[in-house]
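# what would the 3D arrangement of this be:
(chains A, B, C and D)
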There are 4 protein chains.
Amino acid sequence: MEFEELGIGEECGVFGCLAAGHWPTELDVPHVITLGLVGLQHRGQESAGIVTSDGESAHSFKVHKGMGLVNHVFSEDSLKKLYVSNLGIGHTRYSTSGVSVLDNCQPFVVETLHGKIAVAHNGELTNAVRLRRKLMRHGVGLSTSSDSELITQLLAFTPPLEEDDTPDWVARIKNLMNETPTSYSLLMMHKDIIYAVRDPYGNRPLCIGRLVPVGDINGKGKNNAETEGWVVSSESCSFLSIGAEYYREVMPGEIVKISRYDVQTLDIVPRPQGDPSAFCIFEYVYFARPDSIFEGQMVYSVRRRCGQQLAIEAPVEADLVSTVPESATPAALGYAQKCGLPYIEVLCKNRYVGRTFIQPNMRLRQLGVAKKFGVLSDNFRGKRVVLIDDSIVRGNTISPIIKLLRESGAKEVHIRVASPPIKFPCYMGINIPTKEELIANRPEFKDLAGYIGADSVVYLSVEGLVSSVQESIKARQDQENNLKMNKFKSGKIGHCTACLVGEYPVELEW
Amino acid sequence: MEFEELGIGEECGVFGCLAAGHWPTELDVPHVITLGLVGLQHRGQESAGIVTSDGESAHSFKVHKGMGLVNHVFSEDSLKKLYVSNLGIGHTRYSTSGVSVLDNCQPFVVETLHGKIAVAHNGELTNAVRLRRKLMRHGVGLSTSSDSELITQLLAFTPPLEEDDTPDWVARIKNLMNETPTSYSLLMMHKDIIYAVRDPYGNRPLCIGRLVPVGDINGKGKNNAETEGWVVSSESCSFLSIGAEYYREVMPGEIVKISRYDVQTLDIVPRPQGDPSAFCIFEYVYFARPDSIFEGQMVYSVRRRCGQQLAIEAPVEADLVSTVPESATPAALGYAQKCGLPYIEVLCKNRYVGRTFIQPNMRLRQLGVAKKFGVLSDNFRGKRVVLIDDSIVRGNTISPIIKLLRESGAKEVHIRVASPPIKFPCYMGINIPTKEELIANRPEFKDLAGYIGADSVVYLSVEGLVSSVQESIKARQDQENNLKMNKFKSGKIGHCTACLVGEYPVELEW
Amino acid sequence: MEFEELGIGEECGVFGCLAAGHWPTELDVPHVITLGLVGLQHRGQESAGIVTSDGESAHSFKVHKGMGLVNHVFSEDSLKKLYVSNLGIGHTRYSTSGVSVLDNCQPFVVETLHGKIAVAHNGELTNAVRLRRKLMRHGVGLSTSSDSELITQLLAFTPPLEEDDTPDWVARIKNLMNETPTSYSLLMMHKDIIYAVRDPYGNRPLCIGRLVPVGDINGKGKNNAETEGWVVSSESCSFLSIGAEYYREVMPGEIVKISRYDVQTLDIVPRPQGDPSAFCIFEYVYFARPDSIFEGQMVYSVRRRCGQQLAIEAPVEADLVSTVPESATPAALGYAQKCGLPYIEVLCKNRYVGRTFIQPNMRLRQLGVAKKFGVLSDNFRGKRVVLIDDSIVRGNTISPIIKLLRESGAKEVHIRVASPPIKFPCYMGINIPTKEELIANRPEFKDLAGYIGADSVVYLSVEGLVSSVQESIKARQDQENNLKMNKFKSGKIGHCTACLVGEYPVELEW
Amino acid sequence: MEFEELGIGEECGVFGCLAAGHWPTELDVPHVITLGLVGLQHRGQESAGIVTSDGESAHSFKVHKGMGLVNHVFSEDSLKKLYVSNLGIGHTRYSTSGVSVLDNCQPFVVETLHGKIAVAHNGELTNAVRLRRKLMRHGVGLSTSSDSELITQLLAFTPPLEEDDTPDWVARIKNLMNETPTSYSLLMMHKDIIYAVRDPYGNRPLCIGRLVPVGDINGKGKNNAETEGWVVSSESCSFLSIGAEYYREVMPGEIVKISRYDVQTLDIVPRPQGDPSAFCIFEYVYFARPDSIFEGQMVYSVRRRCGQQLAIEAPVEADLVSTVPESATPAALGYAQKCGLPYIEVLCKNRYVGRTFIQPNMRLRQLGVAKKFGVLSDNFRGKRVVLIDDSIVRGNTISPIIKLLRESGAKEVHIRVASPPIKFPCYMGINIPTKEELIANRPEFKDLAGYIGADSVVYLSVEGLVSSVQESIKARQDQENNLKMNKFKSGKIGHCTACLVGEYPVELEW
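Sure thing, here's the model as predicted:
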């Protein structure tokens, strides 16, 4: 699937870093956060921001935000503004409903009675409208349309408000979690602490890494036992480039306190009894980077299993299996392996065309998807091709690709989609086109192969996807149960498949 | 006086425009505001912003803000973003205490229970610290350090807050005025109305203009009777360039409602009995543009009277009178005329060096004030020069000028200052250096002539300044009293001379 | 191989477009050139430029150039400057010897006695120093260090220079070709003609495409028989995105004239007798895009054959074959297929880190190549990996990758390199590190496996590479000979392998 | 006169600096040149450039150029690129005929057989077209439309060209001067020398200054006897800000060699016998800064004399004399003094509107000149005003000013123009509108007062202007003749009044 298949989304990435041990630290905190955000860039290319603190005063933060890619927003010069710092949080972001203004950039900072707090968040509150009215009814004016300001003002607002008291941030965070059940993974910084919080349904990812000494170019001085600092990130893929080791996931409902001394679980807010967790299955299908680890498994492995499952569900007589580069490649390799056909490349990508997602007004869009690909025609001339795509949302990008392959000599083109049809909107952070735009809801869906010009087209079943995702989780759970070491204490494992089946994990409010 | 004599200030300019008659208007509202702000550029060159509204929805404003001069921030492209609009308010601004960030740019916009409001303000709240704590104690987080956010949240906050009610903005504005007596001239926009408010002491200027048809290049079609729209501005100097006529001042304590139908006085909040008004005398001395009108008189005329008064108070035997260009020129012409000496130019200015005030880190500063002037040595070689300056605050810019004149052949250099020495800080919007930096508080002041290298130096007396300012106001008042048409109903006329004598119009709070 | 393995190069891409038929054309010439340059972006990311002409006056060109990527230099606004145009040429470029200034941007334009000419060129003149002195001795001052200015002034200079004569551009181009034998592929525009020229040795690529009607989104109106215009490009990969069909290569030594009426061969300048042609073999190994066609074969196919040949020359007992993404992927798939091992991905790339080649001063470089990759550890934990790379030049990027794989659980890591060791500098347009920096010339090369930390390392033989490249060319030649239709009239086919074996196609001059 | 009265001009400023004594120098050469160019900014705001040299190699210059004001082009960062340098030349420039491209920025640099030369020049060659053809006929391609490239290639071209010879730059410069008689003031840098050259007619200004130690803030360490370096500039007004003393003018036809050791006259190229010199009289009238010194007199003094002469030629019964700020102020003061009327200001200028000259497409232009002025109506209500302007070229700016004054209460408005009517185009560097656009050539000129809405309008006579300019020059010449020390050896003093009377100093060639 090409990005233009999706709408303008709300997806974001959050990243925090806190130096362990002696402060002021020698760890280059702003630079670590910048690199961490580069590792999350696929989650949001529209704006980026970092807020840092020296951890001494509750009243002074350093802030730098800007529009564009992380590498564009953070130059050596702008990084200088963020020093001296021992901890900090950062954010990358897509726009929501076209409001691409700097005002909405995260992290959001406010001064409260007890000093400044900064909040970075990924997700979308299902009851935002009600919460906004509640705050406004209390006399709070809201200066942006972002959920982050909402969260920040809710944290500031929570009574009792007595100047002499120590602020009980945990109580306030729990109060916030009671006000809004999902979806959010958020980082909150106050003075010398980063709080990492995941909503009770675990809808958005969040995990913790441990910074260890990198050593010199030959690895001398590398020491995996020593902890230089802690990082917390939307995805573990951002750890390798900064020399961090994967430590663990933040659990659904968990409130983690990260200080210079240690990483502590302060509380785990439970879901209503019986409710399973609801991690977004679309993160596995499309959004996350393949080398990230969710729920103990590599995203790449899930995608390959989807391809294998698809080969079982929808085999086809053909000469070769190929991929729409490059998000569908793991599924294509899985499909090819399972059905015994050769895996051969038929398209190559021009890296410089750019994801038109980001520059939605570019004239290039009109020229169609062909301008993004080169065709390796010698590889498939006269052959029957099975082309694996990861998903078909609107159906307007696969059609010109099929046409391209046919014009370049493909004898047959069979489409196999490594995920089920998307039929329902998402209100929890993935921006999916309106119902009318989804190909699965349109009349053309009845003869989809004819509509897109393929010889055949088959989607993966919902059951096939869910089993591909849950297979190894369950295997591990069984194993842990046998060993009585199950760490997933917060209840029944489930996944949010709302966009596929229309059942949302919580009731939606307007 | 050169701008580097002052510190980093809080001075600002506000400008609003509302189209009269049929909506959508044909009046180019965003462009009128931009030109209006260019006319107020001398009040703040650091950032500029405009918020406009179509006047139909209480929930949608168009916003554009940026760092730099008005002409830089507002291009034809960025102006397009502000359409369609029937009304709007704008702002130009200096930084306060080095916080030159975009976040602090005005106008400030928040969404309240009753829709969005935008606020632009000039001045400084004398009880800001207490008000910030009050709001935070109520659970409101504050995201900037600006008084504008404070004002906006106070307006949003005022109970009772009932969704079904029509918001009583006048009651809220009066509540705000009760919370904080001075200093502010502010514009508030909500839906289809602009409220123009001046604090009860009238410390900061604000006046209203009427847009009339400009006509073609030969003036055909010009029609002074028709009203195309209303403008409201910190200074009347911004009216000429947009084809507006001076209408009247907003009175101290007055709340004016500007709608498409008319301009109404909603209320006049009184000062505590016996308190005189307290318009900032420094606006006359230095800050305002000479063609602006305050209290019925042209600033230029006041400055010339100061020069005349100075000639009476401190005559000197010399060959010529000259000016430090160009703010002291009216005073110099007044001095020359009163004492009968020829007025001759001795310095010319290089327009391209820039006010170093604005770029405080420029290396050029070290090279001294000389780089900003050219010397017209043939005009004064061998002559005795009386050099008029409008004020001497720190004393570090006049000294190199005197040196320059002497090196270029001046026989004597006598300094006459057309305002009294500044001895006290301002807490109401003019940023004056700390007490220790003021030359009038330093030991060198005893032999100021020796210290700056002049043959003599004399300041205008406080009484001389006050009489120069009040003379024609009183004459007019007397005349109006005789005619029983006194419009200055809100009490005794006074001026804030706190920076000169140390008596502030209200008690200061911390 | 990662780009940091190479030095700062001279590689460039050239692209021209000329509308056929009626002028003024409806073809969007500047936009076609922009898209064509985006398709050549891999050949040069430092600067870009386009020069267009309406074809009527010999004295007026429209020019736009800038530093950075094509998408950055050419906005909708800057494209407007290039209209009205019926023909034009463009260029993308790397810097030569650190002189990354705008002055050196191509195309280069000069006015001559017969009007303006514009030149865009790819390659490096082996006798540039001598030619510069020759021109300067004639009294021509040279304002840049680029070979393009040199070529342009040589074209302007060629006598006889008589104002009344029609300029004989072909004679001048032939004179230029006699002055300098290699290496250049160049486009020259004058009035209404584009001349496309390839040096007699054919060292740099150049090919011609035909623009056909694209049709609407469903292909209606597409008409392969009609010619809308001609394009000429360094590589055919740029044709697909603009709706052009591959027409043919420009032959070594050929001078092609492209006019609105047709495409004509004006002359073919021969090589010294016996000299084989010398197309750069490194274009196949690394530089070109895999979907480009050179000498009748797809680059991708050559790379896959190199992998197959490598499997024959250097098999290894292992569990899986993988690639250093993504330039080595065709070779890895060829290797895996030939030796029957599964092809499995072990690394994924972070697209947002950027080729550090382009931003040589980035601090990120110090953090090593790991930051550019994610590790798919579940795919190879406990396995024996054969990792295919396309070339190893300095040896400093493969080493950390091997370390990464081992740390992530690889049991063995065997390196197979799909090209021979580079031992000699290139003076014809590919910038290769100095002899001392090349790993093949260093003492560590004796125990390369030990040095880079691999279990084994084997390069492809020179013979293996040459046969992989020439195999299908020869097959086709034989076929054509049998059919008596050989189009390669300009002599014996050879390839420049100077960087591998040290024998240069022409004598080098200084 | 407002700048929009003029067309798009060719005027420029040149500035050079060379450190005296020990090299590498401690003098901050690039910074001195930058400040020097700021002092010449009024001569060209479109682009700026500096080329520096360490003086050791003839083959390496450092170059930085850019579009915009000097302060914009030269930041601390870009200045770093110009080090280490012991000498350098710079340039500021207006566009010629709309070609505002970076390519045309000066200084122009070329490499010749004997190393690199850089050229900065002010003026316009009267035989440029012929010279361009001559060079092109010789086979030199010209890459820009600027006279600077022409001059540079002419210098490079001059035979004999023998590699072993020392280049005889003086012979080449003399050859250039023989090829083209006027108009140019130029700086040429080669290795360790700056050559300063003024054309035989002395049409454009050029003068030399001596850098002396500035001393600390109190002047300690200042030492007028020591020479730190030499500067050479279009106008002496740029000397004060860099701590340089006026040394002398470069004489018409003089070739000056500036080296680290001294300043030498190498030759003085004579004019054809009988030809008087022809310094541009418009420099006195309008273009130069008032504090500059030409031919031994301050520009301000000439302008004041023009005002005095105008009072004699065209007195008027009125209440006050005023100025169109600010170029006409010296003339207005002279007029007022001579006729005994009070000098009173009636207009003040908004500094932030900008010279629309520079941004010709600004929408503001349509709103007329009024937006640039504030009106000091209290100063002239009910009065008869004599308004002095320095020149009226097209007549479209004075008209709205008169209208403004009348609307604000002026009883009468009499215009007196301190220069004669402009009737003819300039081909020597001042861009004057076409003949048809000049008000003096139009039918409206017969009733100019009626056309512009004035009560009367009188221009200064040509004789009055010439005598105002030459009076003190002749007085000094007589004095020097008496003392037998006449330094003006190159013949009869004259001034170019071509734009007033149509007689050009040399025959014009096309």
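# using the three-state scheme, assign whichever residue of the stretch 201-350 of chain A sits closest to chain B.
Closest residue of the stretch 201-350 of chain A to chain B, CB to the nearest CB: residue A:255 (19.8 Å). The C-beta positions use only the backbone N, C-alpha and C, and glycine is treated the same way. At residue A:255 the chain is in strand, as set by DSSP: H, G, I helix; E, B strand; the rest coil.
# what's around the residue in chain A that chain D sits nearest to, how many residues?
Here chain A gets closest to chain D at one residue, residue A:77, 9.6 Å apart by CB to the nearest CB. For residue A:77, the neighbour count with other CB atoms under 10 Å in any protein chain shown is 9.
# which SSE is it in?
In the assignment (DSSP states H and E), residue A:77 maps to helix A:76-80.
# in that helix, what counts as buried?
residue A:79 (16 or more other CB atoms under 10 Å in any protein chain shown).
# and the longest helix for chain A?
Criterion DSSP state H: the longest helix present in chain A is helix A:462-483.
# anything in that helix near chain C?
No: judged by CB under 8 Å from any CB of the partner chain, helix A:462-483 stays clear of chain C, getting no closer than 9.6 Å.
# still on that earlier bit, if I look at the residue of chain A closest to chain D, how far off is residue A:92?
Shown here: residue A:77 relative to residue A:92, a distance of 20 Å by CB to CB, to the nearest Å.
# chain neighbours aside, what residue packs nearest to residue A:381?
Computed as CB to CB, 6 or more residues apart in numbering or on different chains, the closest residue to residue A:381 that is not its neighbour in sequence is residue A:409, at 3.6 Å.
# so who does residue A:204 touch?
Shown in contact with residue A:204 (CB atoms under 8 Å, 6 or more residues apart in numbering or on different chains): A:122, A:123, A:183, A:184, A:185, A:198, A:234, A:280, A:428, A:429.
# typed the wrong thing, it's residue A:457
Contacts of residue A:457 (CB under 8 Å, 6+ apart): A:392, A:414, A:415, A:416, A:417, A:448, A:449.
# for the nearest residue to it once chain neighbours are set aside, give the beta-bridge partners.
Residue nearest to residue A:457 in three dimensions, not counting chain neighbours: residue A:415, with 4.1 Å by CB to CB, 6+ apart. Beta bridges link residue A:415 to residue A:387, residue A:457, judged by DSSP bridges.
# residue A:415 and residue A:450 touch, don't they?
No: judged on CB atoms under 8 Å, residue A:415 makes no contact with residue A:450 at a distance of 11.9 Å.
# more neighbours: these two, which one.
Neighbour comparison, residue A:415 and residue A:450: the larger count goes to residue A:415, with 26 against 10 (by other CB under 10 Å).
# pLDDT wise, what is that one at?
Residue A:415 is assigned a pLDDT of 98 by the prediction.
# repeat that for residue A:454.
Here, the pLDDT recorded for residue A:454 equals 97.
# just residue A:482 next, same as before
For residue A:482, pLDDT reads 78.
# kindly report the same for residue A:394.
82.
# how about it, secondary structure?
Per three-state DSSP, residue A:394 ends up coil.
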